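In: Provide a 3D model corresponding to the input given below.
(2 chains)
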Amino acid sequence: MIPRPHGGRLVNRVLTGKRREALLREAEELPSIEISYERLIDLMDIAHGAFSPLEGFMVQEDYLHVLYDMRLSNDLPWTIPVVLDVDPEEISGVKEGDDLALKYNGEIVAVMRIEEIYGWDKKEYARQVYKTTDKNHPGVAKTYNRKELLVGGEIDLLREPSHPLENRILWPIETRVLFREKKWRTIVAFQTRNVPHRGHEYVQKAALTFTDGLLIHPLIGWKKPGDYRDEVIFAAYEALIKYYYPKDVVVLAGLLMNMNYAGPREAIHHAIVRKNFGATHFIVGRDHAGVGDYYGPYEAWEIFDEFPDLGITPLFIREAFYCKKCGGMVNEKICPHSEEYRVKISGTKIRRMIREGKIPPEYMMRPEVARVILSFKDPFVH
Amino acid sequence: MNEERKGKYTTVSIPTTLYNRIKDLIKDTGFTSVSQYVTYVLREIVARHEEEKYSEPFTEEDKEKIIEKLRRLGYI
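Out: From the prediction side, this is the model:
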């Protein structure tokens, strides 16, 4: 059965109709700050219920609970703080209890009721969330570049800037209706920020064998240089689904959400968000949401032991490789053959071949997928 | 964890017999105390009970609008 949203209620803070018009008029008179694209994405995730039960940016009590206990102040699991950072001068004259207009590219997008303005220790944030203070970690580097104060409080979304992939982005209420229409009772979600290779296909199909449907849920949002661009990921998956998946059991939908590269903590975050979209199961990969060698290969699996109350079932599917003896994609649990027969599917190797304009071997990537990726002049983020 | 955040716990009474039973049960497991075990089990059970009390948040009208959008986008 489709699970209830995290915390029991799907948050909706997208204002429409007369209330929206009235608040937009009022917002013109309010003090305002300009927010970054990443905070805009957080704002949309909150307003559309992807971050249910959050109704706004975190106040200090929730922030500290999440930082140290990996739970909100109401005991619900939550592992990544969702906070709005500001410079002191930006909010000079603004106090707790005031309303604040949030602008993106000079246009009002939301109004926030300021419940609390508080300081934060970025190094401690990095230590707790990323388990490192090394600024070479992309998440840590971003944290250190954030502003000095945090502002917590509920938000109302008034405007959503258009997005080139907006027709491929679904929000939780939409996927929940979609799954009901499809009469799926069990849905496995697959998080990705990559184009699909044969290993991904194997993992997805292994999970799909036991569920009614598969939600392929690529992240659309900030990614680090060298990652594939959003439109490339979509086009690659469209090709894979067209040629290799039964259409009625797969949904490909974009998820507008920032990537933090916080490894184990982010694996929990990804699972909670997918529960809000109506998934019953979530595939957790080896070194899920990791980067470099900051996390152990199975840390993102082990952390799930601490959360008996997540409300979504993690599926720990081992990394797939091609075995020359077995003659297909397998994993170490089901393949008895030695290393000499095993060919690892390396994302780095595939990326290098794509950069050189070459089609990777078929055991690594479907040729239809490779051709679509190569049709893009520049498939990578810079 | 900083000092200020320690002690955010409360006491719940359970029979001593049950306490001893749990103490035996958690030997050589990952649980380091009876409290840790009880918290784990209670969270699991509470979440299951909460799950039973839920209905989807959309009206028929919302649903029709969403279905129309999903059709337009080719999802249905």
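In: Now do stretch A:340-357: distance from first to last residue.
Out: 28 Å (Cα to Cα, to the nearest Å).
In: what comes up buried for that stretch?
Out: The neighbour-count check on stretch A:340-357 (16 or more other Cβ atoms under 10 Å in any protein chain shown) flags A:342, A:345, A:350-351, A:353-354 as buried. Bear in mind the C-beta positions are built from the backbone N, C-alpha and C, glycine included.
In: which one is residue B:54 nearest to, not counting chain neighbours?
Out: Nearest non-adjacent residue to residue B:54, counting by Cβ to Cβ, 6 or more residues apart in numbering or on different chains: residue A:4, 3.4 Å away.
In: Mind listing what's buried along stretch A:288-296?
Out: Buried, per 16+ other Cβ under 10 Å, within stretch A:288-296: A:288-291, A:294-295.
In: Stretch A:127-141 too?
Out: Those buried within stretch A:127-141 under the rule 16+ other Cβ under 10 Å are A:128-132, A:137-140.
In: so does the helix or strand encompassing residue A:125 get close to chain B?
Out: Using DSSP states H and E, residue A:125 maps to helix A:122-130. No. For helix A:122-130, no contact with chain B is found by Cβ under 8 Å from any Cβ of the partner chain; the gap never falls below 8.7 Å.
In: Show residues contacting that helix.
Out: Here helix A:122-130 makes contact (Cβ atoms under 8 Å, 6 or more residues apart in numbering or on different chains) with A:67-68, A:79-81, A:132-133, A:137, A:139-140, A:143-144, A:146, A:260-263, A:265, A:294.
In: Can you tell me which of the residues you listed end up in helices?
Out: A:67-68, A:139-140, A:143-144, A:263, A:265 (DSSP state H).
In: ok, those residues vs residue A:299, which is closest?
Out: Comparing these against residue A:299 with Cβ to Cβ places residue A:263 closest, at 6.1 Å.
In: Tell me who's in contact with that closest one.
Out: Counting by Cβ under 8 Å, 6+ apart, residue A:263 touches A:130-131, A:287-291, A:294-295, A:299-300.
In: need the contact list for the closest residue to it other than its chain neighbours.
Out: Taking Cβ to Cβ, 6+ apart, and ignoring the residues beside it in sequence, residue A:263 has residue A:295 as its nearest neighbour in space, at 3.6 Å. Residue A:295 makes contacts with A:131, A:263-264, A:287, as judged by Cβ under 8 Å, 6+ apart.
In: Mind putting the residues you listed into CSV with pLDDT and distance to residue A:106?
Out: Output for the contacts of residue A:295, formatted as CSV (pLDDT from 0 to 100; distance: Cβ to Cβ, whole Å):
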residue, pLDDT, distance to residue A:106
A:131, 97, 38
A:263, 96, 36
A:264, 97, 39
A:287, 85, 40
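In: CSV for those residues, including distance to residue B:76?
Out: Below are the contacts of residue A:295 laid out as CSV (distance: Cβ to Cβ, whole Å):
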residue, distance to residue B:76
A:131, 43
A:263, 36
A:264, 36
A:287, 36
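In: What residues does chain B have near chain A?
Out: B:1-2, B:5, B:30, B:40-41, B:43-44, B:46-47, B:50-51, B:53-54, B:56-58, B:62-63, B:66-67, B:69-70, B:73, B:75-76.
In: Can you give me the neighbour number for residue A:338?
Out: 9 (other Cβ atoms under 10 Å in any protein chain shown).
In: For it, give its distance to residue B:74.
Out: 46 Å (Cβ to Cβ, to the nearest Å).
In: Which ones among the residues of chain B next to chain A lie within helices?
Out: Using DSSP H, the residues of chain B next to chain A in helices are B:40-41, B:43-44, B:46-47, B:50-51, B:62-63, B:66-67, B:69-70.
In: Put the buried members of those into a ChimeraX selection.
Out: This is the ChimeraX syntax for the buried subset of these, where burial follows 16+ other Cβ under 10 Å:
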select /B:40,43,47,63,66,67,69,70
